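# I'd like to go over a predicted model; first the sequence, then the structure.
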Amino acid sequence: MINTPISAAAGGQPEGSYVQARSISDFTQLLFISGQVPVDRDGVAPRSFEQQADVAWANVLAQLEAAAMAPTDLVKVTTYLARRSDKTLNREVRERILGDHMPALTVVIAEIFDDDWLVEIEAIAAK
């Protein structure tokens, strides 16, 4: 697979751990991950944002693993935050989980399905 980061000189530059675009070609597998919410296998959602983000990311990683894929296969991530005030902590958690890997990224401030949920993460992966 050829996975090339794109950052057009004529466009705005990224502020954080993501790239403006990724060009994917010659891939053999494409995975669309539905929004992963901060609920663990037991149906429990932690209270703090950081713990919820960890659970949502764990759910994303579980879907990748089930498809025999890895975090480095992520090409696009969309994160929905219930509160704008969590944007910095969201970035910190994402960087801790993904390390140096930088997918194309969108962060949206929105109401989330359950009032107790503070984050939801959907993704696309390719390999």
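Happy to help now that I have it.

# ok, Ala125 - contacts?
Going by Cβ atoms under 8 Å, 6 or more residues apart in numbering, Ala125 touches Gln29, Leu30, Leu31, Ile33, Leu64, Ala67, Met69, Asp73, Leu74, Val75. Backbone N, C-alpha and C define where each C-beta goes, glycine included.

# am I right that it is in a strand?
Yes: under DSSP: H, G, I helix; E, B strand; the rest coil, Ala125 falls within a strand.

# and it, what are its bridge partners?
In this entry, Ala125 is beta-bridged to Leu31, Leu74, by DSSP bridges.

# how near is it to Ala66?
Ala125 sits 11 Å away from Ala66, going by Cβ to Cβ, to the nearest Å.

# now swap in Pro46 and tell me
From Pro46 to Ala66 the distance is 23 Å (Cβ to Cβ).

# mind checking which of the contacts of Ala125 are buried?
Buried by 16 or more other Cβ atoms under 10 Å: Leu31, Ile33, Leu64, Met69, Asp73, Leu74, Val75, out of those.
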